[in-house]
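Participant: Make a model of this:
(one chain, ligands or ions: 1)
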Amino acid sequence: MTNKLSAEAYFDELASEYEDEGVDSALQTSHLVEAKKIFAKYQIKEGTILDLACGTGLLSQVLEGHFQFTGMDISERMLDSAAQRGYQTIHKPLEAGLSEVADQSYDFVVCLTALLCIENIQPVLNDMKRIARTGVLFTLEEITEEFLAEFPAPAYNHTHLRFPEAKEEYRVFGWTTPKGLDMYIRMILIETEHQEHH
Ligand SMILES: C[S@@+](CC[C@H](N)C(=O)[O-])C[C@H]1O[C@@H](n2cnc3c(N)ncnc32)[C@H](O)[C@@H]1O
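Facilitator: Sure thing, here's the model as predicted:
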């Protein structure tokens with residue numbers, strides 16, 4: 001079909017250079033800035049966070065407060081960096097690992113710039129809501145033909161999905177690819193029904 005790499009191979013290879021331009025620069029990435037704004041807006045300052053496809057654990061560097069992070073990722077090398085930032089780690093693809101996580105076992109479930117790597121995200125979204133006591137926060141990326149031509153692993157567009165129950169849902173500039181493509185994302189926050197306990 002195509003000569004794409006698997007997501008695991010691609011992100012393992014990318015891990016060592018993921019923050020090449022420096023942590024400060026990585027922390028300017030729009031999805032991290034927006035996550036920080038949303039947590040601040042709702043005055044969320046503590047709790048447990050399951051950071052799905054956590055990469056190097058940058059979320060822990062941007063949120064202000066006292067959080068305990070657990071990261072699930074397909075790339076062991078990304079998880080090595082996250083572990084150095086204090087993450088508990090689970091080395092599994094979300095498609096297989098999430099079903100093993102107990103109901104309402106984390107306050108928040110976050111998944112930033114990763115659902116583009118997963119073809120069938122509905123079960124993943126269902127698991128995220130099942131696992132979160134308070135809320136889920138995720139991004140959906142606008143995948144263009146140009147992006148598909150450039151991205152070394154398979155990518156899928158989920159921006160047709162709608163979330164009428166969302167507390168926050170907006171389109172924002174995401175990041176610029178190595179070849180200079182501007183990527184747009186939707187930030188989506190859904191409160192889960194268990195919120196009243198917190
Ligand atoms: C662009 S990085 C984003 C990392 C982090 N969320 C951030 O915002 O900096 C995408 C991450 O998704 C992970 N990933 C891709 N497909 C995955 C899958 N099916 N299951 C788990 N992790 C996956 C990659 O290994 C990589 O760490």
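Participant: going forward, measure contacts and count neighbours with C-alpha atoms only.
Facilitator: Will do.
Participant: S99 contacts K129, doesn't it?
Facilitator: No - the pair S99 / K129 is not scored as a contact, 11.7 Å apart, by C-alpha atoms under 8 Å.
Participant: Just want to know which of those two has more residues nearby.
Facilitator: More crowded of S99 and K129, by other C-alpha atoms under 10 Å: K129, with 22 against 16.
Participant: immediately after the host helix or strand of the more buried one, which helix or strand?
Facilitator: Here K129 sits within helix 122-131, counting by DSSP states H and E. As assigned by DSSP H and E, the chain's next helix or strand after helix 122-131 is strand 132-141.
Participant: what residues does the chain put near the ligand?
Facilitator: 7-8, 11, 53-55, 58, 73-75, 78, 93-94, 112-114, 117-118 (C-alpha under 6 Å from any ligand atom).
Participant: change it to 8 Å
Facilitator: With C-alpha under 8 Å from any ligand atom as the criterion, the chain comes near the ligand at residues 7-8, 10-12, 15, 26, 31-32, 51-59, 72-76, 78-79, 91-95, 111-118.
Participant: Show me where this protein has its helices.
Facilitator: With DSSP state H applied, the chain shows helices at 7-15, 23-26, 30-41, 59-62, 76-84, 94-97, 122-131, 145-150, listed in chain order.
Participant: Now the fourth one: average pLDDT?
Facilitator: Predicted confidence along helix 59-62 averages 96 (mean pLDDT).
Participant: What residues of that helix count as buried?
Facilitator: 59-60, 62 (16 or more other C-alpha atoms under 10 Å).
Participant: Return the closest of those residues with respect to the ligand.
Facilitator: Nearest to the ligand out of the buried residues of helix 59-62 is L59 (C-alpha to the nearest ligand atom; 6.6 Å).
Participant: who's in contact with the helix-or-strand element of the chain with minimal mean pLDDT?
Facilitator: The helix or strand of the chain with the poorest confidence is helix 23-26; it has a mean of 77 (mean pLDDT, DSSP states H and E). Helix 23-26 has contacts (C-alpha atoms under 8 Å, 6 or more residues apart in numbering) with 19, 58.
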